[in-house]
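S.K.: just need the structure, nothing else, for what follows:
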Amino acid sequence: MSCTSLLIVCFIDDCGDHVIVINSADIAISEEEWKKRVYFHHTGYPGGATWTLAWELHSKDPTLILKKAVYNSMDGNLQRRYTMERLHIFSGENVPVNLLKNVSNQIRQIRPVPKRLDHYMEEEIKKFPKLIDYPKDYILR
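M.R.: Predicted coordinates for the structure are as follows:
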């Protein structure tokens, strides 16, 4: 498994289905979204409202962006908090053993995680079909 993939696994426990999400630190949001998306939090006291940018929230806790996205997408009824207790989000691949021993299946990703260009081997680059063969004296800018 690639370390940059967001993996979702499910397991069934006595009290219902649980969902484990690992590598939440590697979520991808466009550059504009990192700068402009704002998350709201209120302490419950007068004047306790705070607005935090996505990159600030991600630097504090990488799991909070995903947790807030799932929480806000659910219906706003009394069951929402109890359902969120069965969601386990981890920023890395370190998952407690008691959660991993109950894993029953793994949800495949919608599309494969792209590979960075500097992670390709020289043989893979040479085997890749070329569209154009540039002359030897051509200067690429």
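
S.K.: quick check: next helix or strand after the longest helix out of those in the chain?
M.R.: Looking across the chain with DSSP state H, the single longest helix is helix 64-73. Downstream of helix 64-73, the next assigned helix or strand under DSSP states H and E is helix 79-84.

S.K.: now the element after that next one, going C-ward?
M.R.: strand 87-89.

S.K.: can you list the buried residues in that next one?
M.R.: For strand 87-89, burial by neighbour count (16 or more other CB atoms under 10 Å) applies to His88, Ile89. Any C-beta I mention is one placed from the backbone N, CA and C, and that applies to glycine too.

S.K.: returning to what we had before: buried residues in the longest helix of the chain?
M.R.: Leu64, Ile65, Leu66, Lys68, Val70.

S.K.: with stretch 44-61 instead?
M.R.: Going by neighbour count (16+ other CB under 10 Å), the buried part of stretch 44-61 is Thr52, Ala54, Leu57, His58.

S.K.: among the residues you listed, which are located in helices?
M.R.: Counting by DSSP H, those contribute Ala54, Leu57, His58 to helices.

S.K.: save those residues as JSON lines, and put in distance to Lys36 and pLDDT too.
M.R.: Shown next, in JSON lines, are those (distance: CB to CB, whole Å; pLDDT from 0 to 100):
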{"residue": "Ala54", "distance to Lys36": "8", "pLDDT": "93"}
{"residue": "Leu57", "distance to Lys36": "13", "pLDDT": "93"}
{"residue": "His58", "distance to Lys36": "14", "pLDDT": "93"}
